[in-house]
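> sequence first, predicted coordinates after that:
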Amino acid sequence: MWSDYVQVFHFSGYYNVTAGHIVMILVAFFFLYLGIAKKYEPLLLVPIGFGIIVGNIPFVEGMRLGIYETGSILNYLYFGVTSGVYPSLIFLGIGAMTDFSALLSNPKLVLLGAAAQFGIFITLIGALVLGFTPKEAGAIGIIGGADGPTAIFLSSKLAPHLLGAIAIAAYSYMALVPVIQPPIMKLLTSREERLIRMQPSREVSKREKILFPIIGTIVCCFVAPGALVLLGMLFFGNLLKESLVTERLAQTARTALIDIVTIVLGFSVGASTQAVRYIEINGEMVNKGFLTPGSIKIFILGALSFGIATASGVIFAKIMNLFLSKERKVNPLIGAAGVSAVPDSARVVQHVGHEEDPHNFLLMHAMGPNVAGVIGSAIAAGVLWSKLVQ
């Protein structure tokens, strides 16, 4: 009888818990705090935070409970992450929610979205210097695009063993956009620049809105075929919205579909962050869990890439102004919206600009580089995938 109790205890989490499990559960509490108390990206951080708790409940191997155990329910859910299914469906929903009018009315703003992707390639170089392989460095670098689904998609193709750390880093910095970006924006601009008022956007015709996703798909995917899955779904969702004849499909894509996928994606990514996960490599058991020196390096590089991306957009806007007439100058703050954290970085631009001039409305102007950043980060991911997959 007593031996039965002992056996049950040996199967319990209390017996198998390690310091790593405790650390990860504390990380989960932090994510839940940010999402619930601070309201930083709660639709992402709450599922991820709770998923981290579930993924770090200790269990005995072989029970088909863990996310990496073939046949477990969590493993089936995680398949949508590793295969790239969830990120592509997220892009479909984003496309059905996105209005590209700000970009179409002022096409030069696409340059700001492109400039913000500079952080991706600087981070890639930094990762190579720190000893990561080219594929790992490419997957880490995409964090600079501030696009969670794109980061998950590329890391699942190039470095699946780093997916958890990359996804957590990407979503963490996306959630902290209101904290990270304003100091960089203020540091790189003068008050006079922050007070620049931009000309009102022109009205975009219905024909332009319908043609843009069709032409955009052809042009962008011919440039970077590796971005076909992400951009194809993004522009398809936008066509559903703008055609006005498939409103029911567009409504489903931007509400029920994206909500369901966000729940499962966030929970699965959180559950993948097991503190300890030993894999046999060349006859040795190697820890490929979340708590490794590599994960710490990824978080440091992620912060660096996000800062560089923000700074690159602002600086490029200042350079653009050197070649523009006074009445056509852009407010350099909108360059910070080139990172593709939609629409949070555009809201940050509006907030910082509003602090200087309560009557200066930058939100719609900032949405131009913001949506351009989504396209730019997907193209960058496609280029990296095409180059590094070999």
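That came through, no problem. Numbering: from 1, shown residues only.
> residue ranges for the strands of the stretch 201-350 of the chain, please.
With DSSP state E, counting those that start in this stretch as the criterion, the stretch 201-350 of the chain has strands at 278-281, 284-287.
> avg pLDDT for the longest helix belonging to the chain?
Ranked by residue count under DSSP state H, the longest helix found in the chain is helix 293-321. pLDDT averaged over helix 293-321 equals 90, rounded to a whole number.
> which other helices and strands does it contact?
Here helix 293-321 touches helix 110-115, helix 118-129, helix 134-141, helix 163-175, helix 177-188, going by 3 or more CB pairs under 8 Å, 6 or more residues apart in numbering; DSSP states H and E. C-beta here means a position set from N, CA and C on the backbone, and glycine is covered the same way.
> same thing but 10 Å
Taking 3 or more CB pairs under 10 Å, 6 or more residues apart in numbering; DSSP states H and E as contact, the helices and strands that helix 293-321 lies on are helix 110-115, helix 118-129, helix 134-141, helix 163-175, helix 177-188, helix 191-194, helix 344-356, helix 363-388.
> could you tell me how far the most centrally placed residue in the chain is located from N321?
The residue lying closest to the centre of the chain (CA atoms, centre = their mean) is G148, at 1.9 Å. As judged by CB to CB, to the nearest Å, G148 and N321 stand 31 Å apart.
> now do V314
On the measure of CB to CB, V314 and N321 end up 11 Å apart.
> quick one: common contacting residues for the two?
Taking CB atoms under 10 Å, 6 or more residues apart in numbering as the contact definition, V314 and N321 share the neighbouring residues 193, 332.
> who has more neighbours out of these two?
More neighbours surround V314 than the other of V314 and N321, with 29 against 17 (other CB atoms under 10 Å).
> OK, contacts around the residue lying closest to Y171 once chain neighbours are set aside?
The shortest distance from Y171 to any non-neighbouring residue, by CB to CB, 6 or more residues apart in numbering, is to G148 (4.9 Å). Shown here is G148, whose contacts under the criterion CB under 10 Å, 6+ apart are 41, 44, 48, 87, 90, 166-175, 262, 265-266, 269, 340-341.
> turn the buried ones among those residues into a named ChimeraX selection, would you?
Here is the ChimeraX command that selects only those of the contacts of G148 that count as buried (16 or more other CB atoms under 10 Å):
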select :41,44,48,87,90,166,167,168,169,170,171,172,173,174,175,262,265,266,269,340,341
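> which ones are touching A372?
Residues near A372 by CB under 10 Å, 6+ apart: 100, 102-103, 107, 109-117, 313, 337-338, 340.
> now it: how far from H351?
For A372, the distance to H351 (CB to CB) stands at 20 Å.
> residue ranges for the strands of the stretch 1-150 of the chain, please.
Ranges of strands in the stretch 1-150 of the chain, per DSSP E, counting those that start in this stretch: none exist.
> please enumerate the helices of it.
In the stretch 1-150 of the chain, the helices defined using DSSP state H, counting those that start in this stretch lie at 2-11, 13-16, 19-32, 42-55, 73-82, 85-97, 101-105, 110-115, 118-129, 134-141, 148-158.
> which one, of the ones you listed, ends up nearest to R254?
helix 85-97 (4.0 Å; CB to CB).
> which strands and helices sit next to the closest one?
Going by 3+ CB pairs under 10 Å, 6+ apart, helix 85-97 lies up against helix 73-82, helix 148-158, helix 228-242, helix 247-252, helix 258-271, helix 363-388.
> out of the contacts of A372, which are buried?
Neighbour counting by 16+ other CB under 10 Å classes 100, 102-103, 109-117, 313, 337-338, 340 among the contacts of A372 as buried.
> correct me, but T246 touches A96?
Yes. Taking CB atoms under 10 Å as the definition, T246 is a contact partner of A96 at 9.5 Å.
> those two - which one has more neighbours?
For T246 against A96, the residue with the higher neighbour count under other CB under 10 Å is A96, and the figures read 27 against 15.
> confidence-wise, which of the helices and strands packed on helix 293-321 is weakest overall?
Averaged per stretch, pLDDT over the helices and strands packed on helix 293-321 is lowest on helix 163-175, reaching a mean of 85.
> export that one to PDB, keeping only CA atoms.
Output for helix 163-175, consisting of C-alpha atoms alone and laid out as PDB, is shown next (Å, rounded to 0.1, in the frame of the first residue of the first chain):
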ATOM      1  CA  LEU A 163      11.300  28.600 -32.100                       C
ATOM      2  CA  GLY A 164      10.100  29.000 -28.500                       C
ATOM      3  CA  ALA A 165      12.800  31.500 -27.600                       C
ATOM      4  CA  ILE A 166      12.400  33.500 -30.800                       C
ATOM      5  CA  ALA A 167       8.700  33.600 -30.600                       C
ATOM      6  CA  ILE A 168       8.700  34.700 -26.900                       C
ATOM      7  CA  ALA A 169      11.300  37.400 -27.600                       C
ATOM      8  CA  ALA A 170       9.400  38.700 -30.700                       C
ATOM      9  CA  TYR A 171       6.000  38.900 -28.800                       C
ATOM     10  CA  SER A 172       7.700  40.400 -25.700                       C
ATOM     11  CA  TYR A 173       9.100  43.300 -27.600                       C
ATOM     12  CA  MET A 174       5.900  43.800 -29.600                       C
ATOM     13  CA  ALA A 175       4.100  44.100 -26.300                       C
END
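> that helix vs helix 19-32, what angle?
With axes from the mean of the first three to the mean of the last three CA atoms, to 10 degrees as the basis, helix 163-175 and helix 19-32 are set at 30 degrees to each other.
> and helix 163-175 with helix 258-271, angle?
120 degrees.
> could you give the angle of helix 163-175 to helix 134-141?
Counting by the same axes, to 10 degrees, helix 163-175 lies at 20 degrees to helix 134-141.
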